[in-house]
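>>> Structure here, sequence nowhere to be found:
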């Protein structure tokens, strides 16, 4: 079972946390993606988007 929690603040930022309940160690990754960042699919650029939350 996996759990995800979202915590919006008064300035529009959203803090997201997720756990993955596996027996094996998956390692830890912490990502910070700022609001307004332009992104692509990294597979030819057919999909593009700009992050709405940061």
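Thanks, I have the structure now. The structure displayed is predicted, hence computed values, not measured ones.
>>> which other helices and strands contact the helix or strand bottoming out on mean pLDDT in the chain?
None of the helices or strands of the chain scores lower by mean pLDDT, DSSP states H and E than strand 14-20, at a mean of 83. Strand 14-20 sits against strand 2-8, with contacts defined as 3 or more CB pairs under 8 Å, 6 or more residues apart in numbering; DSSP states H and E. Any C-beta I mention is one placed from the backbone N, CA and C, and that applies to glycine too.
>>> Poorly predicted segments of this structure, please.
Low-confidence segments of the chain, defined by pLDDT under 70: 1.
>>> Dihedrals phi and psi, the most far-flung residue of it relative to its centre?
Distance to the chain centre peaks in the chain at residue 23, reaching 23.0 Å (criterion: CA atoms, centre = their mean). With angles defined as degrees, to the nearest 10, residue 23 sits at phi -70, psi -40.
>>> So in that sheet, which strands flank the least confident helix or strand of the chain, and in what orientation?
Strand pairing for strand 14-20, determined by DSSP bridges: strand 2-8 (antiparallel).
>>> bridging residues for residue 17?
The partner residues for residue 17, given DSSP bridges, come to residue 5.
>>> State the distance from the closest residue in space to residue 8 that isn't next to it in sequence to residue 27.
Leaving out its chain neighbours, the residue that sits closest to residue 8 by CB to CB, 6 or more residues apart in numbering is residue 14, at 5.0 Å. Distance, residue 14 to residue 27, using CB to CB, to the nearest Å: 24 Å.
>>> of these two, who's got more company?
Between residue 14 and residue 27, residue 14 has the larger neighbour count (other CB atoms under 10 Å), namely 12 against 5.
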